[in-house]
Structures are given as structure tokens and as C-alpha cells.
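Participant: Model the structure of this input:
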Amino acid sequence: MLSAVHIVAAVPSELGDLPGSPLGVGPVAAAVAAASLLMSRPGAPLVLIGTAGSFAGGPPPGSVITTARLGFADPTATLGLGYVPLAPPPLHVEALPGFPAFDVLTRLGVTTDAALAARLAAEGPWHVEHMEAYAVAWACHQAGVRFSALLGITNWVGPEAHLEWKERHVEVEEHVRRALTVALAPRVTNG
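Facilitator: As a prediction, this is how the structure comes out:
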């Protein structure tokens with residue numbers, strides 16, 4: 001069943017040896033690449049895999065989660081220093097069965113400030129931060145294509161995020177790939 005969906009990730013290391021396409025890091029690169037992919041391969045559902053950070057109270061590092069609701073936030077607006085005209089609305093997306101579903105916030109970068117992390121988490125409320133999910137989901141939404149994501153939690157959002165990601169990302173990426181392979185494996189029935 002792996003061939004029935006198109007697997008995408010930000011970078012090749014997240015895909016490992018899974019068939020799929022790297023989209024690039026961040027929402028802009030991911031949106032453009034996803035839109036191009038959707039034009040060249042219309043109709044096939046997309047499954048985004050990758051690593052993500054968890055806000056306080058969210059899933060612990062090492063968890064593999066799927067997305068339920070996606071949002072996009074600009075830190076300038078969050079801090080009351082500006083606003084986003086016609087801000088993109090939250091998207092409700094298809095959760096992959098068998099995984100806990102959480103609400104995921106996409107940002108332009110990784111949040112390393114504890115106070116900003118707390119404000120961002122409270123606004124949604126949001127449980128997880130990921131840099132590409134909303135952009136890819138929005139491209140799918142605009143194209144009428146089904147979207148799901150499977151994310152491995154590598155770190156807590158905040159000052160130690162990058163260090164924690166560096167320590168865990170290889171192991172968590174492999175865990176996500178194994179989980180996806182099992183989730184999408186064809187079901188064998190007797191009869």
C-alpha cells in the first residue's frame with residue numbers, strides 16, 4: 001500500500017529508504033514543492049513524515065503522532081507587534097488510524113524562547129510545533145487531495161530544542177519510518 005500514497009518529508013534523511021520526495025525545509029519551500037508535486041501527480045494522497053517539537057503538556061519525546069488540526073502562526077502577531085491580514089485558518093486533516101492525534105502549529109522557524117513557546121501553545125491550544133505541515137496540508141487542501149502526517153517528537157519546544165533534536169532525530173526518524181511502513185502495509189486476510 002506504500003505505492004497508493006505519496007510520502008513526503010522535508011529532507012531525504014527523514015525518508016531514509018522509503019520511496020518519496022523531499023520538499024525542503026520550512027513552509028515556503030515545502031508549499032512550493034508540494035504544489036509542484038501535486039500538479040505532476042494529481043489525486044494521490046500525501047503523507048508527510050518528519051520530526052517535530054512538543055509544547056509543554058504535549059506528547060513526550062520519542063512519541064509518534066498524527067495530526068488532527070493544523071495552524072500557522074507568525075511570532076510578530078503572537079507577540080502583539082504586528083498582525084497578519086486574512087490569516088490562514090486552521091485546517092482539520094485526516095488522522096492516520098492507530099496513532100494519537102494532536103494539534104500541530106507550523107512556524108517559520110524553531111521556537112527557542114520559553115515565554116514565546118508558552119504563548120504559542122496557549123493560543124490554539126497547540127500541542128506540537130512543525131515547520132512544514134501546514135504548508136503541505138494547505139497545498140493539498142487547495143488541490144482537493146487527502147493529507148495526513150506522521151511526526152516523531154524529538155524535543156520539547158524551547159531553549160534546548162536544537163540540542164535535544166540533534167541527540168534524538170536519527171532514532172526518531174527511523175521510528176517514524178517503521179511506524180508508517182506498518183500502518184500502510186497491506187492487510188492480509190484468510191479466506
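
Participant: Measure how buried G57 is and give me the count.
Facilitator: 9 (other C-beta atoms under 10 Å). Where you see a C-beta, it was placed from the backbone N, CA and C, and this is true even at glycine.

Participant: now A185: how far from H162?
Facilitator: The gap separating A185 from H162 is 34 Å, by C-beta to C-beta, to the nearest Å.

Participant: For the two, indicate the residue with more neighbours.
Facilitator: Each of A185 and H162 has its neighbours counted (other C-beta under 10 Å); H162 has more, 13 against 10.

Participant: Might you report the residue contacts of the more buried one?
Facilitator: Counting by C-beta atoms under 8 Å, 6 or more residues apart in numbering, H162 touches V110, T112, N155.

Participant: does it sit in a helix, a strand or a coil?
Facilitator: helix (DSSP: H, G, I helix; E, B strand; the rest coil).

Participant: Next: the one 3 residues further on.
Facilitator: The three-state assignment at W165 reads helix, by three-state DSSP.

Participant: And T181, how far from S21?
Facilitator: 17 Å.

Participant: Please name the residues that touch the residue nearest the centre of the chain.
Facilitator: With distances taken as C-alpha atoms, centre = their mean, A133 lies nearest the centre of the chain, 3.8 Å away. With contact set as C-beta under 8 Å, 6+ apart, A133 has these partners: L48, G50, A52, T67, L70, V104, T106, A149, L151.

Participant: and with 10 Å instead?
Facilitator: 10, 27, 30, 48, 50, 52, 67, 70-72, 91, 93, 104-106, 147, 149, 151 (C-beta atoms under 10 Å, 6 or more residues apart in numbering).

Participant: Just want to know which of T181 and S21 has more residues nearby.
Facilitator: S21 (17 against 13).

Participant: how near is the more buried one to V8?
Facilitator: S21 is 5 Å from V8, by C-beta to C-beta.

Participant: likewise A101?
Facilitator: 19 Å.

Participant: what's the answer for L38, then?
Facilitator: 10 Å.

Participant: Among these two, which residue is more densely surrounded?
Facilitator: V8 (25 against 20).

Participant: tell me the secondary structure for the residue nearest to T67 when sequence neighbours are not counted?
Facilitator: Spatial nearest neighbour of T67, chain neighbours left out: A149 (4.4 Å); criterion: C-beta to C-beta, 6 or more residues apart in numbering. On the three-state scheme (three-state DSSP), A149 is labelled strand.

Participant: what are the bridge partners for A149, then?
Facilitator: With DSSP bridges as the criterion, A149 is bridged to L48.

Participant: Can you verify my assumption that it contacts T51?
Facilitator: No - counting by C-beta atoms under 10 Å, A149 stays clear of T51, with 11.4 Å between them.

Participant: Please enumerate the helices of this structure.
Facilitator: 12-15, 27-40, 75-78, 114-123, 133-143, 161-184 (DSSP state H).
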